[in-house]
Each structure stands twice: as C-alpha cells, then as structure tokens.
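**Student:** only geometry, no sequence info:
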C-alpha cells in the first residue's frame, strides 16, 4: 500500500475517486511547521538559520501521519504545485522523518484521472529551489515584522506592527488619500447640439469638439459665461454634414484568468473579498472542477483547447470558434496553465454545487475560458462630422453586428449602443436645441481590493500566492478601513505609521525596492541565487539603520500636539495624543496623572433640524451600514444616509450632506443645490 499525503481532506476525497485500493490518501490538514510565534526563531549569527517548530494544532495530526507512513510501503507527497506547496512537502518530510524511508514528490495542476496518473508515472524529489524561495520570503517577512514592530511600539503606540509588502500597500493607500485631499476640482462645460434631418422627427446628439479649427480641450470652457457665449453663436448657425465615416470594429475576448485577474473580476462582479475568492477557488480545485488557482501564466494545454473547440462548435456553431494563444507579460511563475475548468464540457448548468458562491465563481471561470477561444464581437460604427460656422461637431453611432465571444461572456458591461439616422455628406440639418452641462474634474478614486491588486501587480509586487494574504493582513490592522463604497481609507494611525516609515525607512515602503526583492526571490526559485545571501544583503543595512533610528526619532514629533486646555484633575496642560485607535486628549503629566478624554465629535455638534432638541450622530444599521440620525430616537426619527457637513443649504436652509462621491448637496430632495467638496473623493 502506498500512502499519498495532500493538504486538505476535500482534495484527498477527490483523489480517492481516481485511485484504486493500492493507494491510501490522507491529508496534513494544512501547514504543520512554522517559525515560533513568540520569538524571532531565526539565528541571525548562524547565517539566518530558521528554527521551525510543529504548529500546536498540527501535533496530533503529525502523530497520526507518522503511524500511517510507517505502515506504508512508500510515501508520496502530493501538495500543491507552487512554492508554498513545495515547502509543505519539505516540512512533512522533516516532521515525519521520511529521509529514512523511500518517498516521492508528485505535482499536478488539475485533479483529473489523466493528470494524476501522469504525475504518478513521473515522480520526482522535492525541489529545494522552490522551498528556499518560500523560506526566504518567510524569513524576510519575520525579520521586518519582528524588528520593526517594537520600534513602532516605542515611537508611536504599543500593539502596532509592520510588514514588508503590506507597508508598500499601505503607502499606496495613504498617497492616494493625500492626492484626494490636495485635489482642487475644476469646472468645465460640455456642449451638444440636438439635430434632426429635414422634415424628420428622429433626432440625435452631436458633441462640440472644435472651434476655429482648433480642438476644444476638456477644461477650456470653464464657466457658464463662456458656455453661454458659444451657445448664443451656435443657435444662429446653419448645420451641414461634412462627411460620414462607416467602419467595422472588432472587440476581442479577454484572456483566461490568472490569479490576480480572477481576484479583480470576482470583486467587480460579486464584491467577493480577495481572501474569500481564493478560498472558493481552493475548494473548486480540490473538488477537481478547475485547474490550480495560483498562477500568473496564460498558457493553455492542447487538450483544453481541443475540448473548448468541440463545445463551442457544438453549442454555438463553427462560426463562433477561433484558436487563440495568449502570451504572459513578463515572467510567469511556477504554474503551467491559466485558471480554467478541468473539464470544459462541464457547463455551469451541468455542474451543480451546493455552495452558491462556489457556483458563481465556477460560472465566471468557465465562461472566461470558453469565451477566450471565440471570435471577436463585431460592431458597425458610424461617425458623422458636422460643420456649424466656425464650429465643428461630431456624432457617433454603434450597433452590434455579431456577438462573438459576448455570446458567452456577458459579465463586463456591453458598450452602449446608439444608432444614427442615415445622413449623407453635404446634407443640411435642423437644430432643435443646444444642450449644455456643467462638469467638474475628478480626483483619483480610492483603492478597492481589485484596483489595489492591479496596482501591486503593475509594480511587480507580490505573487499569485501572496495577493490575498497581503490584503487580509492590512485589513486586520487598524491602519485603514473600508468606507460605505467598500474602498480603502487610511486611519489616522495608519497615516502616521506610513509617514514615519517613509521618512526613516524609505526602502521598506518603496515599491521599486520591494519589486526588486520579489525578483531576487524569483532568482532563488530558479536556482540562480542563494537564499541566505539574499537575506544577508537585506539585513545588514536594515539593521544598521534601525539601530540609528532608535536614537534619532522623537516619539513626541509623531504622537503629541499641544492644546490650550488644562487637565481638570491636576491642572497640567492637556495634549492631543495619538494611540493605536486614534487621537484623544491626555494629561501632559502622565504617568503621574492618567486623565484622558475623547476628542470632541464634530458630528455630534450638529443640531437636529427636525426636533431642535437632539444632536445628529453617526449610527449603524443591524447590517452594519452607516447612517446619521437624531440621538433622541425614538422620540425623533430624523435620519440621513449621507454624512451631514454641519453647513446649511444657502437656498432652503436644510442640512448639506456629503454623498461620498465628492458632491456636497442639499439633503432636501426638493432642493437642487449642490457643490463639490474638494476634500473628498470624486
């Protein structure tokens, strides 16, 4: 009997379907060894040798696995096909003492009978290059976290922590917030003409794009006065078609999913958090429904391409199929294929999964893969250029001629279709109305989970197996929060931590330096660098700088601000002090006097406009959604979904609110007053 060890019970059950009685399949139930939780666990003086210990929850499991491995003729390690999986196999070999017994390592990227049999016919040893790359990442992250966190405790507040890659992600979020705060919206106007053919009821819009032969830039019409002068001229002009251009345009399908693309699309379509998406994908992989889900490769096997062609031609017709190969930008790591269904013939309708979220994700993966092997969508487009005196306008129309891949992949919003009447060159048109609309330039948006992953990937930070842990870690800390639009906002403590690190440990929060470190880890994985040398090159300058900063950095510069208030307990001056959960008033005579009080809540100063007795304060619904209501509830039921600014509307006297899209407007639905708040996101 041969014993096969995988990571999870689900994966073990799936393998049992394909293998006979000669095999016994069991699982380690996850990681079994790691660095100790309450000490560094790395011998700095002994060439950074890690001291691994059995994880507490795994001790019982290790005893069971030892008994099973002793009875087996051969042990086969079949953990996941990446650095993390390779490391788990290595840790299992050490914890179970497999060096004294014959064992093999197999890897496969899909849990199908053919893939498993192929792997069993071609076993190998443990790839120590992959193991060492994982060790290097773990040791680097432990050194940064274990060495920097006490520094933050001493210089800002106890309980804080720092991470190598997470600190760069935090910097992206803080820098974006500073951009938003510094942004000043600029007014501009867009002008359109509503036109029609002679003696025809059907009309269409044409956008003003040129004046006196020069292109009108977005912000050139920057006031109502300028817009009105142009409108006055346009109303007097004759309108004639200068030319009509008709073209066919193709829209190609998207490539199959990589890990980061799947995480982004699952967020955009279903609002699935990254860690949730990965847990769903893990289950689908372990059930044998999809290929391995941690990959940045766009490769597809010949068998999968043939299966896709068969399904497309049978279900939709031969005119929908097109052979396609996709190239990965940059260097793909570790996995051989993109994420795809293990069996393309198993449509989402045929695969019934009890878990609704898993069903949704399988549907997304299946449709993305099948559509990637289909012909492009084809649109008929028409562009009509129109002259009106010194002005030049343009109208565009588009309609779908052939749906192509859109027959299958409809998750992305189709571009709006608009038809134009069949106008001809030199044809004169009737002006029905001039339309003008005020706009404001917009600040860059705050990051969502999807856009933050995209940013990290663009800068070469993180790898398929690390995106989810990065986002999970930064959300566990009190350095940021998600607003009602599910976008990241840094907390006050997050901004201070970032600013301190950026000033005194610039490499730790530098995107380029972190990306270079990722490349060094890739070199280790490829056998082109030694992992302990990579650690040593990082540690020496980092350690020297840390020691120096303990002397240079003054805690008060980051955590204290003077006030004109005095302590009611001892009479000493009160200061505003920064703690782990934000700023508060504290006695400057601490620790002799431990008096403290919360900062005044500006929101609580707003008088309720309805009962005129209570205050408008922030509240939460049972589902956790924030709203603003009177503190005299239930006697007063006044409530708003949008945050009140404290100002009154100059037109009707109602409260002004911030609708979280950068627009300050009146809370009275019958009042149209609004303005842009330059301090908020557009």
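**Tutor:** That came through, no problem. Every value quoted in this text rests on a predicted model; they were computed, and no experiment measured them.

**Student:** where does the protein have its least confident helix or strand?
**Tutor:** strand 674-676 (a mean of 61; mean pLDDT, DSSP states H and E).

**Student:** just for the stretch 401-550 of the chain, where's the confidence low?
**Tutor:** Low-confidence segments of the stretch 401-550 of the chain (pLDDT under 70): 413-415.

**Student:** that one: strands as residue ranges?
**Tutor:** Along the stretch 401-550 of the chain, the segments classed as strands by DSSP state E, counting those that start in this stretch run 428-440, 480-482, 488-490.

**Student:** tabulate the ones you listed (JSON lines), appending mean neighbour count and distance to residue 634.
**Tutor:** For the C-beta atoms, the positions are set from N, CA and C on the backbone; glycine is no exception. As requested, the strands of the stretch 401-550 of the chain are exported to JSON lines (neighbours: other Cβ atoms under 10 Å; distance: least, Cβ to Cβ, whole Å):
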{"stretch": "strand 428-440", "mean neighbour count": "15", "distance to residue 634": "40"}
{"stretch": "strand 480-482", "mean neighbour count": "16", "distance to residue 634": "29"}
{"stretch": "strand 488-490", "mean neighbour count": "22", "distance to residue 634": "31"}
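
**Student:** export these to TSV and tack on distance to residue 564?
**Tutor:** Formatted as TSV, those follow (distance: least, Cβ to Cβ, whole Å):
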stretch	distance to residue 564
strand 428-440	38
strand 480-482	31
strand 488-490	28
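
**Student:** and of the ones you listed, who's closest to residue 646?
**Tutor:** Nearest to residue 646 among the strands of the stretch 401-550 of the chain is strand 488-490; the distance by Cβ to Cβ comes to 19.7 Å.

**Student:** the residue of the chain positioned farthest from its centre and residue 424, how far apart?
**Tutor:** Relative to the C-alpha centroid of the chain, counting by Cα atoms, centre = their mean, residue 199 is the outermost residue, at 53.1 Å. In this view, residue 199 and residue 424 are 15 Å apart by Cβ to Cβ, to the nearest Å.

**Student:** and for residue 3?
**Tutor:** Distance of residue 3 to residue 424, computed by Cβ to Cβ: 79 Å.

**Student:** and the two? which has more neighbours close in?
**Tutor:** Neighbours per residue, other Cβ atoms under 10 Å: of residue 3 and residue 424, the larger number sits with residue 3, 20 against 10.

**Student:** from what I can see that one touches residue 70, true?
**Tutor:** No: proximity of residue 3 to residue 70 does not meet the contact threshold set by Cβ atoms under 8 Å, at 9.7 Å.

**Student:** buried sites along stretch 46-65?
**Tutor:** 48, 50, 52, 55, 58, 61-62, 65 (16 or more other Cβ atoms under 10 Å).

**Student:** what's that stretch in contact with?
**Tutor:** For stretch 46-65, contacts defined as Cβ atoms under 8 Å, 6 or more residues apart in numbering pick out 5, 26, 28-36, 41-43, 91-92, 94-96, 135, 138-139, 532, 535-536, 539.

**Student:** switch to 7 Å and redo it
**Tutor:** Stretch 46-65 has contacts (Cβ atoms under 7 Å, 6 or more residues apart in numbering) with 5, 26, 28-29, 31-36, 41-43, 95-96, 135, 139, 532, 535-536.

**Student:** cool, stretch 612-632 as well?
**Tutor:** With contact meaning Cβ under 7 Å, 6+ apart, stretch 612-632 is reached by 484, 603-608, 610-611, 636, 638-641, 643-644.

**Student:** and for stretch 320-328?
**Tutor:** Contacts to stretch 320-328, defined as Cβ under 7 Å, 6+ apart, come from residues 255, 296-298, 305, 309, 312-313, 372-375, 404, 407.

**Student:** got the buried residues for it?
**Tutor:** Neighbour-count burial for stretch 320-328 [16+ other Cβ under 10 Å]: 320-322, 324, 326.

**Student:** go on, stretch 391-406?
**Tutor:** Buried residues in stretch 391-406, counted by 16+ other Cβ under 10 Å: 391-393, 395, 397-398, 402-406.

**Student:** same check on stretch 464-472?
**Tutor:** For stretch 464-472, burial by neighbour count (16+ other Cβ under 10 Å) applies to 464-471.

**Student:** partners of the helix or strand hosting residue 246, with directions?
**Tutor:** Under the criterion of DSSP states H and E, residue 246 resides in strand 239-251. Applying DSSP bridges to the sheet, strand 239-251 is found paired with strand 377-388 (antiparallel), strand 428-440 (antiparallel).

**Student:** in a markdown table, list those strands along with distance to residue 171.
**Tutor:** Compiled in a markdown table, the strands paired with strand 239-251 are given as follows (distance: least, Cβ to Cβ, whole Å):
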| stretch | distance to residue 171 |
| --- | --- |
| strand 377-388 | 40 |
| strand 428-440 | 28 |
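
**Student:** ok, which of those strands comes nearest residue 286?
**Tutor:** Nearest of the strands paired with strand 239-251 (Cβ to Cβ): strand 377-388, 35.0 Å.

**Student:** buried ones in that closest one?
**Tutor:** Neighbour counts over strand 377-388 (16+ other Cβ under 10 Å) mark 377, 379-380, 382, 384-388 as buried.

**Student:** can you name the residues in contact with that strand?
**Tutor:** 206, 234, 237-251, 392-406, 420, 423, 429.

**Student:** following the longest helix along the chain, which helix or strand shows up next?
**Tutor:** Ranked by residue count under DSSP state H, the longest helix found in the chain is helix 128-155. Next along the chain after helix 128-155, taking DSSP H and E as the criterion, comes helix 164-182.

**Student:** can I take it that residue 593 is in a strand?
**Tutor:** No: counting by DSSP: H, G, I helix; E, B strand; the rest coil, residue 593 is located in no strand; its state is coil.

**Student:** that one and residue 157: what is the separation?
**Tutor:** 19 Å.

**Student:** in contact with the nearest residue to residue 48 once chain neighbours are set aside, which residues?
**Tutor:** Closest residue to residue 48 apart from its sequence neighbours, by Cβ to Cβ, 6 or more residues apart in numbering: residue 535 at 4.8 Å. When contacts are counted by Cβ under 7 Å, 6+ apart, residue 535 touches 48, 136, 139-140.

**Student:** you'd agree residue 479 is up against residue 494?
**Tutor:** Yes: between residue 479 and residue 494 there is a contact at 3.2 Å, judged by Cβ atoms under 7 Å.

**Student:** more neighbours: those two, which one.
**Tutor:** Legend: neighbour count by other Cβ under 10 Å for residue 479 and residue 494, higher for residue 479 (27 against 22).
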